[in-house]
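Engineer: this one's sequence-less:
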């Protein structure tokens with residue numbers, strides 16, 4: 001038992017270091033924005049959105065210049081993984097709801113179930129201002145896709161509780 005404790009402590013520290021190493025630095029923001037806008041690979045663009053979201057979750061001010069590129073990616077990228085990552089990032093960053101709520105509400109109408117689910121999951125983070133999305137969430141709750149329907153119901157419950 002005495003030898004187990006040091007092993008547990010070491011594994012805990014390794015896990016903590018690994019999780020902290022994955023969060024980009026403030027100095028990475030220009031590169032991540034450039035990758036989000038210009039990378040040929042959808043995986044690189046999605047990863048850039050994820051990185052911006054992770055950093056913005058820690059310090060929103062660091063990624064203020066990334067909000068418009070994330071909204072643009074959510075609206076315009078042809079790859080669903082990038083649009084979904086942009087929606088998730090906006091939820092983590094919690095930018096001005098006047099910008100994010102309309103973009104996420106439009107994303108609820110996306111043809112991709114993954115984008116719809118990501119947008120629904122992001123909306124509650126924006127608080128009471130996300131109430132504007134309730135009519136679209138109510139429509140989405142009636143979709144045949146069970147995961148999409150459940151995501152809408154969960155988002156409605158959380159948004160309504162933010163009143």
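Structural biologist: That came through, no problem. Quick caveat: nothing in here was measured; it's all calculated off a predicted structure.

Engineer: For the protein, give me the ranges with low pLDDT.
Structural biologist: Across the chain, the ranges flagged by pLDDT under 70 are 1-21.

Engineer: which stretches of this protein form helices?
Structural biologist: All helices of the chain, identified by DSSP state H, fall at 4-21, 29-38, 42-58, 67-76, 80-93, 97-107, 113-122, 134-140, 146-161.

Engineer: Among these, which comes closest to residue 128?
Structural biologist: helix 146-161 (7.8 Å; Cβ to Cβ). To be clear about C-beta, it is placed using only N, CA and C from the backbone, and glycine gets the same treatment.

Engineer: Which elements pack onto the closest one?
Structural biologist: When contacts are defined as 3 or more Cβ pairs under 8 Å, 6 or more residues apart in numbering; DSSP states H and E, helix 146-161 packs onto helix 113-122, helix 134-140.

Engineer: give me the number of residues near the closest residue to residue 28 other than its chain neighbours?
Structural biologist: Leaving aside its chain neighbours, residue 28 sits nearest to residue 51 (6.8 Å; criterion: Cβ to Cβ, 6 or more residues apart in numbering). Residues contacting residue 51 under the criterion other Cβ atoms under 10 Å number 24.

Engineer: what residues are up against residue 51?
Structural biologist: Residues near residue 51 by Cβ atoms under 8 Å, 6 or more residues apart in numbering: 24, 28, 32.

Engineer: what residue lies at the spatial centre of this structure?
Structural biologist: The centroid of the chain falls nearest to residue 88 when counting by Cα atoms, centre = their mean (1.2 Å).

Engineer: distance of the residue nearest to residue 28 from residue 108?
Structural biologist: For residue 51, the distance to residue 108 equals 24 Å [Cβ to Cβ, to the nearest Å].

Engineer: repeat for residue 36
Structural biologist: 21 Å.

Engineer: If you count surrounding residues, which of those two has more?
Structural biologist: residue 36 (27 against 24).

Engineer: wait, doesn't that one sit right on residue 71?
Structural biologist: No - at 10.9 Å, residue 36 does not count as touching residue 71 under the criterion of Cβ atoms under 8 Å.

Engineer: circling back: which of the helices and strands packed on helix 146-161 is buried the deepest?
Structural biologist: Most buried of these, by mean neighbour count (mean count of other Cβ atoms under 10 Å): helix 113-122, with a mean of 24.
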